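> My questions concern the predicted model and sequence given below.
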Amino acid sequence: MLLIIAAVSIVTGCRSAKNLQESDTSKTWDPKLGLISIIEQKSERFHTMKARKVNLEFSMNGVSEHVNGNIAIYRDSIIAVSIIPALGYEVLRILCTEDSVIIINRPDKSFTSSSFEYFQKRYKMPVGFRDLQAILANEVFYFKEDYGDRIFKKELKESEESNMFIVDAFREGNRITNQRIEIDSEGRKLENVIIVDYDVPMKIGLNYLEFIDIEEILFPRAIKVELVERNTVLKLELQYGQIIFNDSLNVSFSVPAHYTRTGI
């Protein structure tokens, strides 16, 4: 989410590939095992992921922009984003690791390279690299899990409609964040995540839609993200066109010699 919002802001200023099609998902599942798998073994579904023909709708306080692009993930190592407007040529290429971010701006013949932490502060994004990976890959993450100044309390509430996993964080007895992770009643689909940060204050909503079965991985066609902070409302909608799991990645990030390094 950090990379995509940054990219749209700048723009405005082997396995065989499978198209996302419905397939038979009628299998025997143990709901409890499925739920445990989603919550506790949330990083085991694939090693690499390619998302092609991604449709991105972005709006800030009601002002909207639309771009297309491609996304590639090498688990826990790389997230790469290519932004391609309607004319069909790449305008931005972004490479993100846990430590750094590189942005190649082709129209301006320039590039930017800085730390991931710098981009987080500049765009005031509260999620880290692993969180961003989880958001794009429909996986569970725990908000600000690595902060040492808080104690976490976790609770599971089950109902006929869904399973709600509630994670509260406390500092000196005061609740400072609340995260609600909603999983379907069968324990197979991560459908919604709602995060409230009382410190900032800020609210993040993630909604996953249109699930289909791809290579035995139940995956959403669409992701909706909403971030509300004070007087700012950011909305991002991603519609995946084509997904490839566990294929080799050939991510090229060589910067042409005549490109100029700039700040951001």
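It's in. Quick caveat: nothing in here was measured; it's all calculated off a predicted structure. Numbers count the residues shown, from 1 in each chain.

> Toward the C-terminus, what is the element adjacent to the helix or strand encompassing S113?
Using DSSP states H and E, S113 sits within strand 110-115. Sequence-wise, the next helix or strand downstream of strand 110-115 (DSSP H and E) is helix 116-122.

> Now do the contacts for H66.
Residues in contact with H66 (Cβ atoms under 8 Å, 6 or more residues apart in numbering) are 55-58, 86. All C-beta spots, glycine's among them, are computed from the backbone N, C-alpha and C.

> let's see 6 Å
E57 (Cβ atoms under 6 Å, 6 or more residues apart in numbering).

> and the helix or strand containing it, which strands flank it?
Element membership for H66, per DSSP H and E: strand 63-74. Taking DSSP bridges as the criterion, strand 63-74 forms sheet pairs with strand 48-60 (antiparallel), strand 78-84 (antiparallel).

> Pull out the buried positions in that strand.
For strand 63-74, burial by neighbour count (16 or more other Cβ atoms under 10 Å) applies to 67-74.

> Please apply the same query to stretch 174-191.
Buried-residue list, stretch 174-191, by 16+ other Cβ under 10 Å: 176-184, 187-191.

> Output that stretch as PDB - backbone C-alpha positions only.
Extracted as PDB, the C-alpha positions of stretch 174-191 are listed here (Å, rounded to 0.1, in the frame of the first residue of the first chain):
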ATOM      1  CA  ASN A 174      -4.300   1.900  28.300                       C
ATOM      2  CA  ARG A 175      -5.600   0.400  25.000                       C
ATOM      3  CA  ILE A 176      -3.700   2.100  22.200                       C
ATOM      4  CA  THR A 177      -4.600  -0.100  19.200                       C
ATOM      5  CA  ASN A 178      -7.500  -2.400  18.300                       C
ATOM      6  CA  GLN A 179      -7.300  -4.800  15.300                       C
ATOM      7  CA  ARG A 180     -10.200  -7.000  14.100                       C
ATOM      8  CA  ILE A 181      -9.400  -9.800  11.700                       C
ATOM      9  CA  GLU A 182     -12.500 -11.400  10.200                       C
ATOM     10  CA  ILE A 183     -12.300 -14.900   8.700                       C
ATOM     11  CA  ASP A 184     -15.200 -16.800   7.100                       C
ATOM     12  CA  SER A 185     -17.100 -19.400   9.100                       C
ATOM     13  CA  GLU A 186     -15.200 -22.200   7.300                       C
ATOM     14  CA  GLY A 187     -11.900 -20.800   8.300                       C
ATOM     15  CA  ARG A 188     -10.600 -20.500   4.700                       C
ATOM     16  CA  LYS A 189     -10.800 -16.800   3.700                       C
ATOM     17  CA  LEU A 190      -9.400 -13.700   5.300                       C
ATOM     18  CA  GLU A 191     -12.200 -11.300   4.400                       C
END
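
> one step back: now the strand holding H66: mean pLDDT?
Per-residue pLDDT values across strand 63-74 average out to 91.

> Hmm, F46 is touching F245, no?
Yes - under the criterion of Cβ atoms under 6 Å, F46 makes contact with F245 at 4.4 Å.

> can you list the buried residues of stretch 174-191 in CSV and add secondary structure and distance to D99?
Output for these, formatted as CSV (DSSP: H, G, I helix; E, B strand; the rest coil; distance: Cβ to Cβ, whole Å):
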residue, secondary structure, distance to D99
I176, strand, 27
T177, strand, 25
N178, strand, 30
Q179, strand, 26
R180, strand, 31
I181, strand, 28
E182, strand, 32
I183, strand, 32
D184, strand, 36
G187, coil, 35
R188, coil, 34
K189, coil, 32
L190, strand, 27
E191, strand, 32
